[in-house]
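Undergrad: build the 3D model from these lines:
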Amino acid sequence: MSHLTLRLYHGLPAPARSVAATLHGWYLRWWRYGPDAERLVAEARERERWSAERWRVWREERLAYLLHRAATRVPYYRQQWEARRRNGDCASWEQLEHWPILEKDAVRAQPRAFVADDCDVRRMLREQTSGTTGKPLVLWRSRRTLEQLYALSAARTRLWHGVTGNDRWAMLGGQLVVPVEQARPPFWVWNAALRQLYLSSYHLARELIPYYLDALARYRIVYLYGYASSMTALALEALRLGRRDLRLRVAITNSEPLLKHQRAAIADAFGCPVRETYGMAETVAAASECDAGTLHQWPEVGFIERFADGAPAAAQASGELVCTGLLNPDMPLVRYRVGDSGRVADPTAGCRCGRTLPALAAIDGRTNDLLITRDGRRVYWLNPVFYGLPLREAQIVQEHLERLRVRYSPAPGFSADTAREIVARLRARMGAVAVELEEVAVVPHSAAGKLRAVVCELPADEKAAALARRATAGRGTDGPGARPDTGPSPGPRATEPPLPLISVVIPCRDEEPYIGACLESILGSDYPQERLEVLVADGMSRDQSRDIVARYAVQHPSIRLLDNPQQVTPTGLNAAIRMARGDIIMRMDAHAVYPPHYIPRLVAALRETAADNVGGVIDTLPADDTPIARAIAAALAHPFGVGNAYFRIGVTEPRLVQNIPFGCWQRDVFTRIGLFDEEMVRNQDDEFNQRLIQHGGRILLVPDVVSQYYARRSLRQVARMYLGYGYFKPLVFRKVGRVMNLRQLIPALFILSLALTAAASAWIPGARFAFFGIVGAYAAAVLGCAFHTALRHGAACGAAAAAVFPTLHVSYGLGFIRGVWDHTVRRHRRRAAVAVLPQTAGRQAAAVQPRDS
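TA: Numbers count the residues shown, from 1 in each chain. Now for the predicted structure:
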């Protein structure tokens, strides 16, 4: 959120801030919870019972995919590996141990370099860490990644403890939900979309805590989530005031290690179990505590390595955590130093809860501010210094190698003996250093409200000198970054069978602005060009499309230009398929461009699965930079605009669907079920795919194969296109004998309901109210989705979207109604026969030569 936006938000009255938070909550819900949310949660719970061997196989496969993608698609890593190759380094990036340690500063310095080059950050959620050191990280995550992450959270943070997304909950966090200078309640906002009471940790002063406790009661909060230190402050004050009316189902801590005395205080105050979680915004590791008290890892999120003094830590010893994220392949962080230390549990011990997830014995604390001894040792896991001592909070600050300062807030029972014990414990770990004790009422928290138990403020030169002394003394490095032995080079691969010949068929008419870029993207494919042929069936274009294709055909013999005198898509497709020589037929659209991996990945999916048709996801781009063009592109990727059309809104995993864009088939599919129905001027892919399904075929949508499709540039073009889509949809229903998806009826039913209630209002008084109710509900939905679009793409685009959404719906609905009349009521003709591709394809369309210039 920009500074200006934050100022405007803080200037709102308190109720309006809650409204703004709720609108933002709906925006977040769209990113986090897609149509597959329930399935993803169920799958996450099923994986909790996997065997160790099954987890090992899964992790190896996922890690191999991620390392390959990082090394070949992510600019930062790709440049590193190219530089290593130029220097004669033959280490394989397929082995995780060959990768260097990644520091936060590298990600801070150039975050875009960590985003895969086949991803568009404009279509990803941009997030920023709290930046407790003053240097926040910028991160991008796709909707697919967020849906998977929040499904894991629902399964292992909420459902484990008997709460759901429908329960009211309170969050104690560092977001600036109210102005810092505010001195009177409310110090919170109510987010109705997430059913969340967000409590500001900035204002958690002792004299203000009673207001927080009253809010928990007034909003009927079921469970509490947030910083352990902030939650403890609430709990201690509730106990002091004798508040026993606050009974929660569970309290869940995050962001900070949960100490024993904190757990006891929170449990006593709120009469509930207290469970710890572990994670970070970078999404490279996560864990949550079960009812049996075990801190279970989430293996899907990341792979954890532990190091001590530059070498892998012993089995149950504490070590610095270095993590490789597995959940975000679009911005992968490989061997990322998270700044924490921890210990793993004995993998053979098992857990009383019955889950087989691996476990962490403990998260011992932050190591981004590790203390440095005079001989250069890094010292972490300093929590035991304060174990069993009468302290509310404590913080260790290192300003010089020779001196430590301890800020502490004493609890009843603190004495001079306690102070001496702190000094003795610190010296046992840090050597002969001076220790200054500073009693404070409240230990200062970070800007985000977190308690930093260890703060290293050593001057850079002093810290570097100490670390250098340790390195030159031959006692190891500061981390696991030394380059390992590369090992033997891999042997020659076994001879593979020849790749199949692919015939790409492209129907084209008046595509002058796009056909050149389309052909360039195909020529840039990773698939061998000698195993490709491209057949462009031109519908007698009136612009320069034919000339452009003809010039490409002269330079590239694999490209051929065919005539399509009927000038409609299905006849062009059929002409190209009849001329095709390939084992596999792949349809592409001239209005789109395709990444280099598009063809090989679809071919692999077709050959490796039982699917009969495979396709990818469409990334809809604006035709130009006008607000209306950008709004059209946004609406065609928005669920309100296109419903649950998975190939437009995206999916998280491969799934069987009823329709996909374009298509990729084995040649014999057209022999078995016939070619495209030439009566279907539009929606020919709908009819073909339903015919394929009726013949027992399977259609697979592959989420990581993404083509970029240019939307129409004006409302008139969109209206004409969707009028055609709606008009031919009833013909599809008639030909396949059923309605494939009820959402396809909604626009027509909406228009009919308006017409009927408007007509009936002259005779039926209640009809007028129904009419205005329908109009009002639809207008509210349009404005809400336009606001959501404005948040992502700007105010001008959002305003334009308020016109685009009705254009899509009304055009489609009117076309559908007219189509029902023409195709069902007026026309009772017999269904036309569909041509079948012979076993040996004929040559019924001739290649044409370039026009004379």
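Undergrad: per-residue confidence for the closest residue to W160 other than its chain neighbours?
TA: Counting by Cβ to Cβ, 6 or more residues apart in numbering, C290 is the residue found nearest to W160 once chain neighbours are left out, at 5.8 Å. C-betas here are computed from N, CA, C, even on glycine. For C290, the model assigns a pLDDT of 93.
Undergrad: burial of C290, as a residue count?
TA: 20 (other Cβ atoms under 10 Å).
Undergrad: for it, phi and psi?
TA: phi -90, psi 180 (degrees, to the nearest 10).
Undergrad: next one: it from R343, what distance?
TA: From C290 over to R343 the distance is 17 Å, taken as Cβ to Cβ, to the nearest Å.
Undergrad: D619 now?
TA: Applying Cβ to Cβ, the value for D619 to R343 is 43 Å.
Undergrad: tell me where the stretch 651-800 of the chain is predicted with low confidence.
TA: Low-confidence regions of the stretch 651-800 of the chain, defined by pLDDT under 70, span residues 740-741.
Undergrad: strands of the stretch 701-850 of the chain, start to end?
TA: Using DSSP state E, counting those that start in this stretch, no strands are found in the stretch 701-850 of the chain.
Undergrad: no no, the stretch 1-150 of the chain
TA: 125-128, 138-141.
Undergrad: surely V536 touches D563?
TA: No: the criterion here is Cβ atoms under 8 Å, and V536 misses it with D563 at 10.4 Å.
Undergrad: neighbour count winner among the two?
TA: V536 (29 against 16).
Undergrad: which ones are touching the more buried one?
TA: Going by Cβ atoms under 8 Å, 6 or more residues apart in numbering, V536 touches I506, C508, I515, L519, V549, I559, R560, L561, L562, A576, A590.
Undergrad: can you rerun that using 10 Å?
TA: 504-508, 511, 515, 518-519, 545-546, 548-550, 552-553, 559-562, 564, 572, 576, 588, 590 (Cβ atoms under 10 Å, 6 or more residues apart in numbering).
Undergrad: outline the domain layout of this protein.
TA: Following automatic domain parsing, the chain resolves into domains at 19-96+116-302, 371-472.
Undergrad: quick one, which of the ones you listed gets closest to P703.
TA: Of all these, it is domain 19-96+116-302 that lies closest to P703, at 6.2 Å by Cβ to Cβ.
Undergrad: so which of the contacts of V536 belong to helices?
TA: I515, C518, L519, S545, R546, I548, V549, A550, Y552, A553, G572, A576 (DSSP state H).
Undergrad: between these, which is closest to R601?
TA: Nearest member of these to R601, counting by Cβ to Cβ, is C518, at 17.9 Å.
Undergrad: just checking, the closest one touches G524?
TA: No: look at C518 against G524 with Cβ atoms under 10 Å: they stay out of range, at 11.0 Å.
Undergrad: the two: which has the busier surroundings?
TA: Counted by other Cβ under 10 Å, C518 and G524 do not tie: C518 has more neighbours, with 25 against 13.
Undergrad: ok, now which ones touch that one?
TA: Applying Cβ under 10 Å, 6+ apart, the residues near C518 are 506, 508, 511, 534, 536, 548-549, 588-594, 707, 710.
Undergrad: separation between it and Y594?
TA: From C518 to Y594 the distance is 8 Å (Cβ to Cβ).
Undergrad: which neighbours do the two have in common?
TA: M588, S707.
Undergrad: burial of C90, as a residue count?
TA: 12.
Undergrad: per-residue confidence for it?
TA: For C90, the predicted pLDDT is 87.
Undergrad: now the one 3 residues further on
TA: We note a pLDDT of 89 for W93 in this prediction.
Undergrad: what is the burial count for it?
TA: 18.
Undergrad: give the contact list for it.
TA: L67, H68, A70, A71, T72, Y77, R78, Q80, W81, R84, W99, V334.
Undergrad: the longest helix along the chain: how far from the chain's middle?
TA: Counting residues, the longest helix found in the chain (DSSP H) is helix 765-793. Taking Cα atoms, centre = their mean, to the nearest Å, one finds the center of helix 765-793 at 29 Å from the center of the full chain.
Undergrad: in it, what counts as buried?
TA: For helix 765-793, burial by neighbour count (16 or more other Cβ atoms under 10 Å) applies to 767, 770-771, 778, 782, 785-790, 792-793.
Undergrad: surely A592 touches Y514?
TA: Yes: counting by Cβ under 10 Å, Y514 is a contact partner of A592 at 7.6 Å.
Undergrad: list residues touching both of these two?
TA: Joint contacts of A592 and Y514 (Cβ under 10 Å, 6+ apart) are Y709, Y710.
Undergrad: ok so, going back, by mean pLDDT, show me the worst of the strands of the stretch 1-150 of the chain.
TA: The weakest mean pLDDT among the strands of the stretch 1-150 of the chain belongs to strand 125-128, with a mean of 84.
Undergrad: pLDDT-wise, which helix or strand of the chain ranks last?
TA: strand 378-379 (a mean of 60; mean pLDDT, DSSP states H and E).
Undergrad: low-confidence ranges in the stretch 201-350 of the chain?
TA: The model of the stretch 201-350 of the chain has pLDDT under 70 over residues 202.
Undergrad: pull the contacting residues for the nearest residue in space to S714 that is not next to it in sequence.
TA: Distances taken as Cβ to Cβ, 6+ apart place I628 nearest to S714, at 6.7 Å, with adjacent residues excluded. Residues counted as contacts of I628 (Cβ under 10 Å, 6+ apart) are 622, 712-715, 718, 796-797, 799-801, 803-804, 807.
Undergrad: any chance of these in a markdown table, plus neighbour count and distance to F414?
TA: Listed next are the contacts of I628 as a markdown table, based on neighbours: other Cβ atoms under 10 Å; distance: Cβ to Cβ, whole Å:
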| residue | neighbour count | distance to F414 |
| --- | --- | --- |
| P622 | 21 | 65 |
| R712 | 20 | 72 |
| R713 | 17 | 72 |
| S714 | 14 | 74 |
| L715 | 19 | 72 |
| V718 | 22 | 72 |
| A796 | 14 | 61 |
| C797 | 24 | 59 |
| A799 | 16 | 62 |
| A800 | 24 | 64 |
| A801 | 29 | 61 |
| A803 | 16 | 67 |
| V804 | 30 | 66 |
| T807 | 19 | 70 |
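Undergrad: of the residues you listed, closest to T373?
TA: For the contacts of I628, the nearest to T373 is C797 (56.1 Å; Cβ to Cβ).
Undergrad: hang on, that closest one packs against A790?
TA: Yes: if you go by Cβ under 10 Å, C797 and A790 touch, sitting 6.6 Å apart.
Undergrad: need the overlap of contacts for the two.
TA: Common neighbours of C797 and A790 (Cβ under 10 Å, 6+ apart) are A631, A634.
Undergrad: give me the buried positions along stretch 251-261.
TA: Those would be A251, I252, T253, N254, S255, E256, P257, L258, L259, H261, for stretch 251-261 by 16+ other Cβ under 10 Å.
Undergrad: nope, stretch 308-321 is what I meant
TA: Neighbour-count burial for stretch 308-321, counted by 16+ other Cβ under 10 Å, picks out A308, D309, G310, A313, S318, G319, E320, L321.
Undergrad: can you flag which of the residues you listed belong to helices?
TA: Short answer: these have none in helices (DSSP H).
Undergrad: kindly reformat those as a markdown table containing distance to T22.
TA: A markdown table is the format used below for the buried residues of stretch 308-321 (distance: Cβ to Cβ, whole Å):
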| residue | distance to T22 |
| --- | --- |
| A308 | 47 |
| D309 | 50 |
| G310 | 50 |
| A313 | 46 |
| S318 | 43 |
| G319 | 43 |
| E320 | 41 |
| L321 | 37 |
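Undergrad: wait, which of these is closest to G413?
TA: Using Cβ to Cβ, the buried residues of stretch 308-321 come closest to G413 at S318, 28.7 Å.
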